[in-house]
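Undergrad: I need the structure of the sequence given here:
(one chain, ligands or ions: 1)
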Amino acid sequence: MQHRERKPFPADFLWGAASAAYQVEGAWDADGKGPSVWDIFTREPGRTFQGSNGEVAVDHYHRFEEDVALMAEMGLKAYRFSVSWPRIFPTGRGAPNEAGLAFYERLIDALRAHGIEPVLTLYHWDLPQALQDEYGGWESRRIIADFEHYCVTLFQRFGGKVKWWVSLNEQNYNLTNAYQLGTHPPAVQDRKRFFAANHVAFLANATVIAAFRRHVPDGHIGPSFAYSPAYPASCDPAELLAFENAEEFTNHWWLGTYCFGRYPRGTLAWLRETGEAPEIMPGDEAILRAGTPDFVGINYYQTLTYTTNALDGVTMQRINTTGEKGTTPSSGVPGLYRTLPNPRVETTNWDWAIDPVGLRIGLRRLSSRYALPILITENGLGEFDTLTEDERVHDDYRIDYLRRHIEACRDGISDGVQLLGYCAWSFTDILSWLNGYQKRYGFVYVDRDEHDPRDLRRVRKDSFYWYRRVIASGGVDL
Ligand code: BG6
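TA: Reported below is the predicted structural model:
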């Protein structure tokens, strides 16, 4: 579609930036916080890039006022952050830790004092270790009640001040890593257990959305989904079928279940054939149907291109975590699909396709199929950055990436997508779970590396000033 005149961004568009507790807060055991699965996992040798962890991260816990002042200077309209469950419930349940709640209250109040809309993520992967030890975390239905109790505690405490909520962050990506690739805790490689844990997570997600309606009736809630729209490698019908398989299994398996409250039938039939389907108990579908979201949150980084994969073909492979370009292997599910590099698009040093048109395509696919508003909860470029002697970071490559993706948002809006906002990933530099501190995403550079937290000084990158102009002009001055 080529429009003679594109629509502008809406006046109330949420121009934002995002983060997650484990990736920024540090203070891993401060003020009564319990250990999360990531606190424990990162201590095991070989799990993360050069053994990096979030014990200090970028020390946002102690420096949030400075960070919020930078957000205000930038003119941010929204800030997406996550609450660390073990900061609120050190052992996952029981009585809340007031010091943990008070930290988030101070953060929320500081944001609101600057007119910045808080977007609160309930779960961004830092499960209390106690629940993993006690009943296997997401593998047990017992987590549903504990997660609901934790979420309702936050709804009651912050529901009057926070109107935008994200339920689970990237259930698809996190659990794929945790139960298929073995690269996130609890580092299991078992597809049957993967689909079982994933089913429990769906039930937990729907349960808290239903609870949200009772506690925050004027708020909005939805999951954040890691959306990599699928492309066929060619117009060969066999490759188109592989692409359809990938789009169904890697995207609509989750989105369809969230939005319609039932599993896509074809996908479920295939999993029953392979013996990997989750156990769906009486009443489960009613729970799913009662907890559908107000919006679809998407974390968009790249498209993936697919070809056919034989029944004895390649299996899931771990991603590039070093930044050595060209080291990502083909990854897939035998009998369904496998990935290929797309020769038509450039890639980052971590081999992620840079594809703004893919964002527009993805927005349209979801908008047409699910007829819900969409909030971009993450989009950004992870790259090496250089701090110059005169304290600058000339990240023109990041500006270029963001500019082209924001253009794609405007195209999507012109195509009829109801886009609520755009949260760039990330505000400050963060710990990238498996890639350490060298894969940087922020508008604000933080002076530290994998081994040395140094002084954690904040330095505005060129992209900081650029995004400030974008926001001030309502997306006109790109
Ligand atoms: C998403 C996560 O997967 O993408 C973020 O929600 C993460 O937490 C981001 O940092 C970028 O991924 P990575 O692996 O480059 O840090």
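
Undergrad: show me what the longest helix seen in the chain is packed up against.
TA: The residue-count maximum for a helix in the chain (DSSP state H) belongs to helix 191-215. The helices and strands touching helix 191-215, judged by 3 or more Cβ pairs under 8 Å, 6 or more residues apart in numbering; DSSP states H and E, are helix 142-158, strand 164-169, helix 171-176, strand 220-226, helix 253-260, helix 284-289. (C-beta placed from N, C-alpha, C; glycine too.)

Undergrad: let me have the ones you listed in a markdown table, extended by distance to the ligand, mean pLDDT and mean neighbour count.
TA: Shown next, in a markdown table, are the helices and strands packed on helix 191-215 (distance: least, Cβ to the nearest ligand atom, whole Å; pLDDT from 0 to 100; neighbours: other Cβ atoms under 10 Å):
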| stretch | distance to the ligand | mean pLDDT | mean neighbour count |
| --- | --- | --- | --- |
| helix 142-158 | 18 | 98 | 20 |
| strand 164-169 | 5 | 98 | 26 |
| helix 171-176 | 5 | 98 | 22 |
| strand 220-226 | 5 | 98 | 24 |
| helix 253-260 | 14 | 98 | 21 |
| helix 284-289 | 23 | 98 | 17 |
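
Undergrad: columns distance to His3 on top of the ones you listed, output as JSON lines?
TA: As requested, the helices and strands packed on helix 191-215 are exported to JSON lines (distance: least, Cβ to Cβ, whole Å):
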{"stretch": "helix 142-158", "distance to His3": "40"}
{"stretch": "strand 164-169", "distance to His3": "29"}
{"stretch": "helix 171-176", "distance to His3": "32"}
{"stretch": "strand 220-226", "distance to His3": "27"}
{"stretch": "helix 253-260", "distance to His3": "26"}
{"stretch": "helix 284-289", "distance to His3": "37"}
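
Undergrad: quick revisit: which positions in the longest helix of the chain come out as buried?
TA: 191, 193-209, 211-212 (16 or more other Cβ atoms under 10 Å).

Undergrad: stretch 357-369 too?
TA: Within stretch 357-369, the residues scored as buried using 16+ other Cβ under 10 Å are 357-367.

Undergrad: from these, which land in helices?
TA: Those of the buried residues of stretch 357-369 lying in helices (DSSP H): 357-367.

Undergrad: where does pLDDT dip in the stretch 251-400 of the chain?
TA: Applying pLDDT under 70 to the stretch 251-400 of the chain flags no residue at all.

Undergrad: neighbours of the closest residue to the ligand within it, how many?
TA: Using Cβ to the nearest ligand atom, Gly382 is the residue of the stretch 251-400 of the chain that sits closest to the ligand, at 4.3 Å. Using other Cβ atoms under 10 Å, the number of residues around Gly382 comes to 23.

Undergrad: quick one: it and Asp351 touch, right?
TA: No. In this structure, Gly382 is not within contact of Asp351 by Cβ atoms under 8 Å, at 11.0 Å.

Undergrad: so which residues on the stretch 51-200 of the chain come close to the ligand?
TA: Neighbours of the ligand within the stretch 51-200 of the chain, by Cβ under 6 Å from any ligand atom: 169-170, 173.

Undergrad: could you redo the last one with a cut-off of 5 Å?
TA: Applying Cβ under 5 Å from any ligand atom, we find that the stretch 51-200 of the chain lies next to the ligand at Glu170.

Undergrad: which residues of the stretch 51-200 of the chain fall in strands?
TA: 78-82, 117-123, 164-169 (DSSP state E, counting those that start in this stretch).

Undergrad: as TSV, the ones you listed with distance to Thr321 would be great.
TA: Compiled in TSV, those are given as follows (distance: least, Cβ to Cβ, whole Å):
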stretch	distance to Thr321
strand 78-82	22
strand 117-123	23
strand 164-169	19
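
Undergrad: can you name the residue of this protein nearest the ligand?
TA: The ligand sits closest to Ser432 of the chain, with a gap of 3.2 Å, by Cβ to the nearest ligand atom.

Undergrad: list the contacts for that residue?
TA: 23, 49, 382, 439, 441 (Cβ atoms under 8 Å, 6 or more residues apart in numbering).

Undergrad: okay, now the residue lying closest to Tyr301 once chain neighbours are set aside: neighbour count?
TA: Nearest non-adjacent residue to Tyr301, counting by Cβ to Cβ, 6 or more residues apart in numbering: Trp352, 5.6 Å away. Trp352 is flanked by 20 other residues according to other Cβ under 10 Å.

Undergrad: with Asp385 instead?
TA: Asp385 has 20 neighbours, counted by other Cβ under 10 Å.

Undergrad: let me know the secondary structure of it.
TA: coil (DSSP: H, G, I helix; E, B strand; the rest coil).

Undergrad: kindly state the pLDDT recorded for the residue nearest to it when sequence neighbours are not counted?
TA: Leaving out its chain neighbours, the residue that sits closest to Asp385 by Cβ to Cβ, 6+ apart is Arg440, at 4.6 Å. If you check Arg440, the pLDDT there is 98.

Undergrad: and Arg440, bridged to which residues?
TA: Glu383 (DSSP bridges).

Undergrad: relative to Gln180, how far out is it?
TA: 28 Å (Cβ to Cβ, to the nearest Å).

Undergrad: more neighbours: which of those two?
TA: Per other Cβ under 10 Å, whichever of Arg440 and Gln180 has more neighbours is Arg440, with 24 against 19.

Undergrad: wait, doesn't the more buried one sit right on Leu387?
TA: No. Contact between Arg440 and Leu387 fails when scored by Cβ under 8 Å: they sit 10.2 Å apart.

Undergrad: what's the model's confidence in stretch 105-114, averaged?
TA: Here stretch 105-114 scores 98 as its mean pLDDT.
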